[in-house]
Structures are given as C-alpha cells and as structure tokens.
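*Asks:* only the shape, not the letters, is given here:
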C-alpha cells in the first residue's frame, strides 16, 4: 500500500469538494422551489395544470440524468433563438448547464416526495383545523406543512444524498469536481483503483454528514423519538 500516494491523492481530490457541494446545494435549493411548484400544480383543480405536472415528472424521472445533461449542454447550443437570448451567457457555461440539469431532475423526484408527504397528513387533523376556523394559508402553515415536513424529511434527505452522488456526472462536461479531478489524475498516473477508492471515501464521508444531519433534524421535529 503506497500511503504517500494515497495521501497526495486525497489532497488533490479534496480540492474538488467545494465545487461538488456547491453544485449539490444550489441544485437542491433550486430543485426544492421547482418541486413545490410542481406539487402544487399536481393538486390543482385545473386539469391542464395536473397534466403538465404529470408530464414533467414522467419526463425527468423516465430519462437518465446523463442524457439530460448532454441535451442541455450540447443540445441547447443547436437552438438558434437560445443562442441569441439573454440566457445564453449562462447556458454556454458548463457549470450552469450542470446546475440546470441537476435542478430539473431533482425537482421531479422532490415533487413526488412533497405530494406524498402532504397526502400523508391525517384528514381528521385537517378537519379539526377547519373546525376551529383555520383555512387557506393559515391551515397550511399551522397544520399541513409542519406535519408534511416530518413525513417527508427522511425521503428528501435520501434525495439530497442521491443528488450529491449525481453531481459526479458533471465531470463529463469538463467540471473539475471530485470525480473530474479523479479522472484527470487517473489519466496521468493510470492508478485507477487507489484514486477511485479515495474518491469513494470522500463521497461516503459527505453522505454520512448529510444522513447524520437529517437524522438529528428528524429527532428535533419528532419529540417522541428523542432519547
């Protein structure tokens, strides 16, 4: 075991952690906003809005994330009106293409998590809130959303972990995250086993932190589970 090489590899790959976390955090926050909008459309009384939400979820859940990244990064450049639009300075950059692809993908899964969490709120408690005069935003803020947060937190935590690991696909469009640096180091040294083992341990450490934080937040939101 070449410990000196492993240590140098660790130092090299750790330089990609900030970009990996930046991609994951930005996409998760943007995706959550989109997911909330899609989940709202799914419960709309307006039929075309429900159809759009179903089509959106089916499109991004039914196609590989790698294909979505390629379509956005390579395909958008073939559309003439996009190249002349205000969005092109962003879409011409690999970073923002990766953010867009990751955000759209995670929002489709997040919308289903949010919809399921809201549906899990007991109807009797909603009726009790209405019985004491709550309605609209007040009912959602006091009764529905707090309980939906508890029901959906674990699933959304899993989605955050999946998104963190999915950021490794951004390396295929030249971004030097942890995986991108690992590929570059392999091309120089041809020592793929050691390099990708170190990369895997870095991802394992990051996912452990996320899982621990979610578990602690669950304990805070559920007093009955506190020790």
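*Replies:* Cool, the structure landed. What you are looking at is a predicted structure, and each value in this text was computed from that prediction instead of being measured.
*Asks:* which secondary structure elements does the helix or strand hosting residue 161 sit against?
*Replies:* Element membership for residue 161, per DSSP states H and E: helix 145-166. The contact analysis (3 or more C-beta pairs under 8 Å, 6 or more residues apart in numbering; DSSP states H and E) places helix 145-166 against helix 17-42, helix 94-119, helix 192-221. Any C-beta I mention is one placed from the backbone N, CA and C, and that applies to glycine too.
*Asks:* and residue 136, what pLDDT?
*Replies:* Residue 136 is assigned 78 on the pLDDT scale.
*Asks:* just give me the neighbour total for it.
*Replies:* For residue 136, the neighbour count with other C-beta atoms under 10 Å is 7.
*Asks:* quick revisit: the helix or strand that comes right after the helix holding residue 161 vs helix 192-221, what angle?
*Replies:* Sequence-wise, the next helix or strand downstream of helix 145-166 (DSSP H and E) is helix 178-189. Angle, helix 178-189 to helix 192-221, by axes from the mean of the first three to the mean of the last three C-alpha atoms, to 10 degrees: 170 degrees.
*Asks:* circling back to that earlier point, can you lay out the helices and strands packed on helix 145-166 as a markdown table showing mean neighbour count, distance to residue 70 and mean pLDDT?
*Replies:* Below are the helices and strands packed on helix 145-166 laid out as a markdown table (neighbours: other C-beta atoms under 10 Å; distance: least, C-beta to C-beta, whole Å; pLDDT from 0 to 100):
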| stretch | mean neighbour count | distance to residue 70 | mean pLDDT |
| --- | --- | --- | --- |
| helix 17-42 | 18 | 17 | 95 |
| helix 94-119 | 22 | 9 | 95 |
| helix 192-221 | 15 | 22 | 93 |
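*Asks:* run a quick neighbour tally on the nearest residue to residue 180 once chain neighbours are set aside.
*Replies:* What sits nearest to residue 180 in space, not counting adjacent residues and going by C-beta to C-beta, 6 or more residues apart in numbering, is residue 171, at 3.6 Å. Using other C-beta under 10 Å, residue 171 has 21 neighbouring residues.
*Asks:* what's near enough to touch residue 171?
*Replies:* Contacts of residue 171 were listed using C-beta atoms under 8 Å, 6 or more residues apart in numbering, and they are 177, 179, 180, 183.
*Asks:* please repeat the previous calculation with a cut-off of 10 Å.
*Replies:* Going by C-beta atoms under 10 Å, 6 or more residues apart in numbering, residue 171 touches 16, 20, 94, 98, 177, 178, 179, 180, 181, 182, 183, 184.
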